[in-house]
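Engineer: Sequence first, then the predicted structure:
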Amino acid sequence: MTSTVLIAHRGLDDTYPENTLPAFEAALAMGMGVEFDLAATSDGHLVVIHDDTVDRTTNGTGRVNQMTLAEIQALDAGSWKGEQFAGARVPTIEEVLALIADKATASLAIALDVKTLPPGIIGTVCGALTKHSLLDRTVGIGIIAQSVDVRRRFYEGSAQFQCANVAQTADQLPMAVKDPYSNWIYGRFVPSSADIETVHAAGKKLFVSGPDVSNDVANAHEAALAGPDAVLTWHPTELHARLNR
């Protein structure tokens, strides 16, 4: 067992259709936090979907930012994963946050992957998280972790919004922890206990991810046992089972 929070990539997407309410609910029921992606529709709504288009994960075609919310939510976002998921929809951020606020038990409930910054998104995101009392249980990743300017803009939107700052290797940790706008370090490597101590000594938390960790269950297992604050996995069911044997 470990106190490290497991973050399920796009929900329990090894079993359920990614970035859908069933995928999130299943992960939350196992005590995990969830990672999800945001995109803006043509009429200004934020929906939870990874790709720029709806083609891969729905029965429709088209770019998300050229479709209205009604057009996107009319699509089937579940059947591609299996007939039993027919009728699942692309959810809005409000629908996802309401579910998480009701069901999440993990201290870190959300890893929010922000890929673009359409007008007004920072205020909308911070406002929605505040409404659902999830601001202090969320870490911002994606372009947030990659850009100090984006982190600064989120800080200006809400000083309580928690941003991550990326460290590609352990050698980058001493510099990464000096970033004034981040509460978390996004480590893309399997950490040692000394690495975790470096982060915690700076008053920050360690979120471990990256392809070499998230897509390799053995590495994710090793990372979780080291004791970081959170590990993002693309194989949540298997990693959960390994850690709870």
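Structural biologist: Received it, and whenever you're ready, just let me know what you need.

Engineer: in the strand or helix carrying E238, what's buried?
Structural biologist: Element membership of E238 [criterion: DSSP states H and E] is helix 236-243. Residues of helix 236-243 classed as buried by neighbour count (16 or more other CB atoms under 10 Å): 236-237, 239-240, 243. Using the backbone N, CA and C atoms, a C-beta is placed for each residue, glycine as well.

Engineer: Distance to D13 and pLDDT added to these, as TSV?
Structural biologist: Formatted as TSV, the buried residues of helix 236-243 follow (distance: CB to CB, whole Å; pLDDT from 0 to 100):
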residue	distance to D13	pLDDT
P236	8	96
T237	10	97
L239	13	97
H240	13	96
L243	18	95
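
Engineer: Quick check: longest strand in this protein by residues?
Structural biologist: Using DSSP state E, we find that the single longest strand of the chain is strand 33-40.

Engineer: So what are the sheet partners of it and their directions?
Structural biologist: Its sheet considered, strand 33-40 pairs with strand 5-9 (parallel), strand 46-48 (antiparallel), strand 110-114 (parallel) by DSSP bridges.

Engineer: got a list of contacts for the last one?
Structural biologist: Counting by CB atoms under 8 Å, 6 or more residues apart in numbering, strand 110-114 makes contact with 7, 33-38, 50, 100, 104, 121, 125, 129, 134, 137-144, 150, 207, 230, 232, all of which sit outside it.

Engineer: so of these, which ones are in helices?
Structural biologist: Using DSSP state H, the subset of the contacts of strand 110-114 located in helices is 100, 121, 125, 129, 143-144, 150.

Engineer: Nearest spatial neighbour of L38, chain-adjacent residues omitted?
Structural biologist: L46 (5.3 Å; CB to CB, 6 or more residues apart in numbering).

Engineer: Tell me which of the strands paired with strand 33-40 sits most buried.
Structural biologist: For the strands paired with strand 33-40, the largest average neighbour count (mean count of other CB atoms under 10 Å) is found in strand 5-9, namely a mean of 26.

Engineer: Give me the angle between that strand and helix 236-243.
Structural biologist: Relative orientation of strand 5-9 versus helix 236-243 (axes from the mean of the first three to the mean of the last three CA atoms, to 10 degrees): 160 degrees.

Engineer: So what touches whatever helix or strand comes next after strand 5-9?
Structural biologist: The helix or strand immediately downstream of strand 5-9 is helix 21-29, counting by DSSP H and E. The contact list for helix 21-29 (CB under 8 Å, 6+ apart) reads 8, 10-13, 15-17, 33-34, 36, 78, 85, 88-89, 91, 95-96, 99-100, 103-105, 236.

Engineer: Now which of these would you call buried?
Structural biologist: Buried members of the contacts of helix 21-29, scored by 16+ other CB under 10 Å, are 8, 10-13, 15-17, 33-34, 36, 78, 85, 88-89, 91, 95-96, 99-100, 104, 236.

Engineer: Do a quick rundown of the strands in this structure.
Structural biologist: So, for the chain - with DSSP E - the strands run 5-9, 33-40, 46-48, 110-114, 138-142, 164-167, 184-187, 205-208, 230-233.

Engineer: could you dump the ones you listed to a markdown table with distance to E25 and mean pLDDT?
Structural biologist: As requested, these are exported to a markdown table (distance: least, CB to CB, whole Å; pLDDT from 0 to 100):
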| stretch | distance to E25 | mean pLDDT |
| --- | --- | --- |
| strand 5-9 | 11 | 98 |
| strand 33-40 | 9 | 97 |
| strand 46-48 | 13 | 98 |
| strand 110-114 | 14 | 97 |
| strand 138-142 | 18 | 98 |
| strand 164-167 | 25 | 98 |
| strand 184-187 | 25 | 98 |
| strand 205-208 | 23 | 98 |
| strand 230-233 | 18 | 98 |
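
Engineer: Now distance to V64 too, for the ones you listed, in JSON lines please.
Structural biologist: Shown next, in JSON lines, are the strands of the chain (distance: least, CB to CB, whole Å):
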{"stretch": "strand 5-9", "distance to V64": "19"}
{"stretch": "strand 33-40", "distance to V64": "4"}
{"stretch": "strand 46-48", "distance to V64": "7"}
{"stretch": "strand 110-114", "distance to V64": "14"}
{"stretch": "strand 138-142", "distance to V64": "15"}
{"stretch": "strand 164-167", "distance to V64": "24"}
{"stretch": "strand 184-187", "distance to V64": "25"}
{"stretch": "strand 205-208", "distance to V64": "26"}
{"stretch": "strand 230-233", "distance to V64": "23"}
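
Engineer: Having no further points to raise, I will conclude here.
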